[in-house]
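Colleague: Sequence unavailable; structure follows:
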């Protein structure tokens, strides 16, 4: 979380000067935008109309892009601003809190019967091709009812760990792996948020985790795919893999080299193995970040093509 910048613009500009630059070049000052964003978020539970909420959010987002002082953000090379010691301690505290919450705040649902069936199938038919049979219905010889599940590796890792450690596979599925995933959730969110807010990463991370935790009881929400469902592959895809892809795509956009390209490449491969949905989600997430950094010049265009 503390990567020193190699070259680029100096990081000694004060926050007040940076905010002055934003406010001078933007039509609407940044504090007003934050207030409007909070009002939109607060209006959703009152209105209850998902379509209206997302349309309003998209319109606000498009206006924010239009009113964005582009030269300030695109020329700013302080993405690897060193983090203060108290911020590191704060992030470490949030990691411990995330592991604690994840270990107790479970929200099992009907999907567990399906995904645990993969683990059972791998353990029961370990001498045969993996993910050949579907154990969810309790009948022998049934093939997987959807072929794209054959690319899953997350459940197979759980089966391997259960076989090697002699622990019950449910202990690994519901306790061990979610706790480890909670650590990755906090760290990758911190890295992704640092690309936006720089040294203020702790406050951005704290607000993000509070929102995810408060949103956890609503099914099919971002919060429901975080702490309360980190035992499922789709929870890890949304809350760990996507922030990791956002971070590595941002790094590659800023420094186009083979090292950052490989990190972006492998982060998407991991998403494919975590969930079949990652085949669509991973490249889409990467493309959105790459487009956000794109500028109409040769170098930026080549970076976009390589990243795709």
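Modeller: That came through fine. This structure is a prediction, so every number in the text was calculated from the model and none was measured. Numbering: from 1, shown residues only.

Colleague: which ones are touching the most centrally placed residue in the chain?
Modeller: Nearest residue to the geometric centre of the chain (Cα atoms, centre = their mean): residue 243, 2.6 Å. When contacts are counted by Cβ atoms under 8 Å, 6 or more residues apart in numbering, residue 243 touches 185, 188, 189, 191, 192. C-beta here means a position set from N, CA and C on the backbone, and glycine is covered the same way.

Colleague: Poorly predicted segments of the stretch 51-200 of the chain, please.
Modeller: Within the stretch 51-200 of the chain, the segments meeting pLDDT under 70 span 65-81, 133-147.

Colleague: can you pull out the helices in it?
Modeller: Along the stretch 51-200 of the chain, the stretches classed as helices by DSSP state H, counting those that start in this stretch are 70-75, 85-104, 111-124, 154-165, 169-171, 177-197.

Colleague: buried stuff in the last one?
Modeller: Neighbour-count burial for helix 177-197 flags 177-179, 181-182, 184-195 (criterion: 16 or more other Cβ atoms under 10 Å).

Colleague: Can you tell me what sits against the very next helix or strand once past it?
Modeller: Sequence-wise, the next helix or strand downstream of helix 177-197 (DSSP states H and E) is helix 201-214. Outside helix 201-214, the residues that touch it by Cβ under 8 Å, 6+ apart are 1, 83, 86-87, 90-91, 94, 97-98, 101, 186, 189-190, 193-194, 196-197, 222-223, 226-227, 239.

Colleague: so helix 201-214 versus helix 85-104, what angle?
Modeller: Put simply, helix 201-214 runs at 20 degrees to helix 85-104, going by axes from the mean of the first three to the mean of the last three Cα atoms, to 10 degrees.

Colleague: average model confidence for helix 201-214?
Modeller: In this model, helix 201-214 carries a mean pLDDT of 85.

Colleague: now swap in stretch 224-236 and tell me
Modeller: Mean predicted confidence for stretch 224-236 is 85.

Colleague: how far away is the nearest residue to residue 84 once chain neighbours are set aside from residue 86?
Modeller: Excluding the flanking residues, the one nearest residue 84 by Cβ to Cβ, 6 or more residues apart in numbering is residue 199, at 6.8 Å. Going from residue 199 to residue 86 by Cβ to Cβ, to the nearest Å gives 11 Å.
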